[in-house]
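> What would the 3D arrangement of this be:
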Amino acid sequence: VVQEMRGGVSAPASFEGADGKTISDIYATESRGVVQISATQVVSDSPFFGSREARAIGSGFVIDKAGHIVTNYHVVEGAERVEVNFSGEDRVRAKIVGADPSTDLAVLRIDAQARALTPLPLGDSDSLRVGDAVVAIGNPFGLERTVTAGIVSALQREITAPNGFEIDEVIQTDAAINRGNSGGPLLNANGEVIGVNAQIESESGGNVGIGFAIPINTVKEVVSELIEHGKVEHAYLGIRMTTIDDRLAEHFRLPVDRGVLVASVRPGSPAARSGLEGGTTRVVVAGQTYVLGGDIITAADGDAVETAGELADLIASREPGDEVGLEVEREGSGTIAVEVPLGERPASTG
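I've put the predicted structure just below:
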């Protein structure tokens, strides 16, 4: 059964949240805090035809009564003018408070009366489970305040940020997400924002049921920094890494069955300057590619490290200049200790 409502609702009528909320309930309450974002920049096609205005359309949502709005960095990247539309034809000029290409997040601010703003409640993305019901609200193809519903398809996915770095622990959902949904909220069954819709996986460019959202716990940390400082300084190690599982450890007789395999080390990075070594041999196991022969990180600052996500979280919790002590298994050398002074993540991977 599918129910359709004014405003572009298309979702299973049987959906109901833990506290009795239906999709209609969530849409009626939370859609008022969702906005359409129009970002305009001047581009030059060639010396012969001069310049023209190009406009990108995306989504965003209100987070407080001070007029702060969260969206994706790629929605407003390079924009010379940003406007926010709540409903109808009225547009309000917005200021870019801060932006972080490493997490594809940006914060805008508009001058508006507090009573005109509906901040959305923020949830806890760490409490999500695969199969949980979710709702996405946004402006796909400019169709304002469209709502779709689905489930959490997977957790701890990885996507590429606009500057080429990886965004970890991303939420995968089958709720329909299309162009224009970028920057809009992904909400749980209680109407709380648990992610910011950012990307889709599609050969055609349209929805095929694989969408990705930046987890709200990451968003909270980044947005706080952007509002206070206008930017985020990310601690930087400079490796590509893979979690070792039982199958990989047994198949290739690795010295440990838990830890993080260093697939590659970026030249000039803190990891490179500290002597960490990347892999040398590419292998395929069950359709997945691994690079073996590099260091295996088993602990950081005295605590065991079993997954790439754990190590990424530890680095993310530090600041540039902090030193991290790594315990490393190295072929031919056994267990060694490596001290790495963390750097500041560069603007891009290039």
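
> nearest residue to the spatially most central residue of the chain other than its sequence neighbours?
Closest to where the C-alpha atoms of the chain average out (CA atoms, centre = their mean) is I214, at 3.0 Å. Distances taken as CB to CB, 6 or more residues apart in numbering place V196 nearest to I214, at 4.6 Å, with adjacent residues excluded. Heads up, the C-betas are built off the backbone N, CA and C, glycines and all.

> And the next helix or strand past the helix or strand hosting that neighbour?
Assigned by DSSP states H and E, V196 falls within strand 193-200. Later in the chain than strand 193-200, the nearest helix or strand by DSSP H and E is strand 211-215.

> ok, now how distant is M241 from A271?
Separation of M241 from A271 (CB to CB, to the nearest Å): 10 Å.

> hang on, the earlier thing: so for the residue nearest to I214, what's the pLDDT?
pLDDT for V196: 97.

> ditto for the one 4 residues further on
You'll see I200 listed with a pLDDT of 85.

> That one contacts F212, doesn't it?
Yes: with contact defined as CB atoms under 8 Å, I200 reaches F212; the gap is 7.1 Å.

> is it true that F141 lies in a strand?
No: with DSSP: H, G, I helix; E, B strand; the rest coil as the criterion, F141 is helix rather than part of a strand.

> Just give me the neighbour total for it.
11 (other CB atoms under 10 Å).

> Checking the closest residue to it other than its chain neighbours next. Helix, strand or coil?
Leaving aside its sequence neighbours, F141 sits nearest to G180 (CB to CB, 6+ apart; 5.2 Å). Taking three-state DSSP as the rule, one finds G180 in the coil state.

> What is the burial count for G180?
G180 has 22 nearby residues by other CB under 10 Å.

> Verify the stated contact: V338 with R273.
No: V338 is beyond contact range of R273, at 10.8 Å (criterion: CB under 8 Å).

> of these two, who's got more company?
Counting neighbours by other CB under 10 Å for V338 and for R273 shows that V338 has the greater number, 17 against 14.

> Could you pull up the residues touching that one?
Counting by CB atoms under 8 Å, 6 or more residues apart in numbering, V338 touches 274-276, 295, 325-326, 328.

> Pass me the low-pLDDT residue ranges in this protein, would you?
Within the chain, the segments meeting pLDDT under 70 span 1-20, 44-51, 88-89, 202-207, 349-350.

> Could you tell me which strand of it is the longest one?
strand 146-160 (DSSP state E).

> Pull out the buried positions in that one.
Using 16 or more other CB atoms under 10 Å as the test for burial, strand 146-160 gives 146-153, 155, 157, 159.

> Okay, now the sheet partners of the next helix-or-strand element following that strand, with direction.
For strand 146-160, the succeeding helix or strand toward the C-terminus, using DSSP H and E, is strand 166-173. Strand 166-173 sits in its sheet next to strand 146-160 (antiparallel), strand 211-215 (antiparallel), going by DSSP bridges.

> and the next element down the chain from strand 166-173?
Counting by DSSP H and E, what follows strand 166-173 is strand 185-188.

> so what secondary structure elements neighbour the helix or strand containing G58?
Element membership for G58, per DSSP H and E: strand 50-62. In terms of contacts (3 or more CB pairs under 8 Å, 6 or more residues apart in numbering; DSSP states H and E), strand 50-62 is packed against strand 34-46, strand 68-71, helix 73-76, strand 133-138.

> All set now, cheers.
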